[in-house]
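K.L.:
Need coordinates for the following:
(one chain, ligands or ions: 2)
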Amino acid sequence: MPNQTWRPDLADLKSVTVLLPGNAHPQTLKRLEENFDLVRIERADPALITEEIAARVKGISAMTRIDAATIDALPHLEIIANFGVGYDAVDAPHAGKSGVMVTNTPDVLTEEVADTAIALLLNAVRELYRAEEWLRHGKWAGQGPYRLTAGTLRGRKVGIFGLGRIGKAVARRVEAFGLPIAYHNRREVEGVSYDYYPSLVELARNVDTLISVAPGTPETDKAVNADVLQALGSDGVFVNIGRGTTVDEDALARALADGTIMAAGLDVFEKEPHVPQALIDAPNATLLPHVGSATVHTRKAMADLQVDNLVSWFSRGEAVTPVPETRHVAKGARQG
Ligand code: NAP
Ligand code: 8YV
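P.N.:
Ligands and ions are numbered 1, 2, ... in the order given. Just a heads-up that it's a prediction; the model follows:
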């Protein structure tokens, strides 16, 4: 984090041009307009980048896909500041190779997203979304109490796919429920007492509740597949708060329909905002429209961190929260 004497908005950066393709959080927009020379285009499309824009732009404020072609179309680009901790929409490996810094918004959203994961877990296991519908449709008064649920948290063992910042915050909450925890990452995490499984299917075999908090990467693509769901078993509950791309959604819909697993709670989908009809039709799935971090408080903190990265880079030559693929990038690496 920046040192205490550094004040993000004190530097005069009005000569620095930042490109905003598409939309931004209102706090991002306000601070970009106040601090920088801001250029807006409808979307991140090299066809919309004129020679004049290409000659000026040094930074991008991103809440959209930024691909290699867009990076290549901006010869003076130094930094892409992403809104969100997950930066799967930005071609960070290409940026790293091209000497372009990429930043994300870790930590400030961790507790909010972990809260949402727990809400999804309880909703899925205890059918709270269906019990509420029962009340709203007048069935409580008309037909009596909602049925007792087959699902319960009692006696469950929880597996976490992706025990990073958010995964650990989810685990802390699950500990408070008194449930044992296991996890799968590429590497064992130091300082935690949870059981580690070096493969996801092995983790699934040893738990009945799987919470995915893994990032969307080529390695995690469709990692939660038919084998993993089969291993989770007929009492199995699957929660996804990470990225939709980590799941084979056809296999998940089949597993929910044929009883391979009991229930699912999903905040993220492969082709957002489009959700497969088979998941919408599944009575044993509770679905949210990617609201993990979606509070006024947390989204403002994300917006501030996004812009702090741009201000810090252009005033002090350092990013606040660089992503691992571009941590090596130094100011001046790309002169255009
Ligand atoms: P993080 O601290 O980087 O944690 C990611 C974890 O995933 C790490 O423990 C990492 O461990 C593990 N991992 C990465 N690649 C893996 C692989 N191929 N196989 C197994 N494990 C792997 O990130 P975070 O801050 O917790 O955020 C996690 C993700 O949550 C984000 O990337 C984003 O996609 C998602 N997210 C969703 C929402 C929402 O609104 N639903 C909000 C925020 C974040 P190893 O490196 O040891 O494998
Ligand atoms: C945001 C997220 O909703 O941080 C992430 O990775 O998925 C969410 O917090 C998203 O990034 C906003 O575009």
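K.L.:
Pretty sure residue 233 sits against residue 261.
P.N.:
Yes: with contact defined as CB atoms under 8 Å, residue 233 reaches residue 261; the gap is 7.1 Å. To be clear about C-beta, it is placed using only N, CA and C from the backbone, and glycine gets the same treatment.
K.L.:
In terms of packing, which of the two has more residues around it?
P.N.:
Each of residue 233 and residue 261 has its neighbours counted (other CB atoms under 10 Å); residue 261 has more, 25 against 14.
K.L.:
How about the more buried one, nearest residue that isn't a chain neighbour?
P.N.:
Closest residue to residue 261 apart from its sequence neighbours, by CB to CB, 6 or more residues apart in numbering: residue 236 at 3.7 Å.
K.L.:
Let me know the pLDDT of that neighbour.
P.N.:
Reading off the confidence values, residue 236 has pLDDT 98.
K.L.:
contacting residues around residue 240?
P.N.:
Residues near residue 240 by CB atoms under 8 Å, 6 or more residues apart in numbering: 211, 212, 224, 246, 247, 264, 265, 266, 267, 268.
K.L.:
Does the first one belong to a helix, a strand or coil?
P.N.:
Same thing as residue 211. Put simply, residue 211 is strand when judged by DSSP: H, G, I helix; E, B strand; the rest coil.
K.L.:
Spell out which residues of the stretch 151-300 of the chain are next to ligand 2.
P.N.:
Proximity of the stretch 151-300 of the chain to ligand 2 (CB under 6 Å from any ligand atom) is limited to residues 290, 292, 293.
K.L.:
gap between the last one and ligand 1?
P.N.:
As judged by CB to the nearest ligand atom, to the nearest Å, residue 293 and ligand 1 stand 5 Å apart.
K.L.:
Surely that residue and residue 112 touch.
P.N.:
Yes: Residue 293 lies in contact with residue 112 (CB under 8 Å); the separation is 5.2 Å.
K.L.:
quick one: the helices in the chain?
P.N.:
For the chain, the helices defined by DSSP state H occupy 26-35, 51-56, 68-72, 92-97, 110-126, 128-136, 139-143, 165-176, 200-205, 226-232, 249-257, 277-280, 296-316.
K.L.:
can I get these in JSON lines with mean neighbour count?
P.N.:
As requested, the helices of the chain are exported to JSON lines (neighbours: other CB atoms under 10 Å):
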{"stretch": "helix 26-35", "mean neighbour count": "18"}
{"stretch": "helix 51-56", "mean neighbour count": "13"}
{"stretch": "helix 68-72", "mean neighbour count": "18"}
{"stretch": "helix 92-97", "mean neighbour count": "19"}
{"stretch": "helix 110-126", "mean neighbour count": "21"}
{"stretch": "helix 128-136", "mean neighbour count": "14"}
{"stretch": "helix 139-143", "mean neighbour count": "10"}
{"stretch": "helix 165-176", "mean neighbour count": "20"}
{"stretch": "helix 200-205", "mean neighbour count": "21"}
{"stretch": "helix 226-232", "mean neighbour count": "21"}
{"stretch": "helix 249-257", "mean neighbour count": "19"}
{"stretch": "helix 277-280", "mean neighbour count": "13"}
{"stretch": "helix 296-316", "mean neighbour count": "21"}
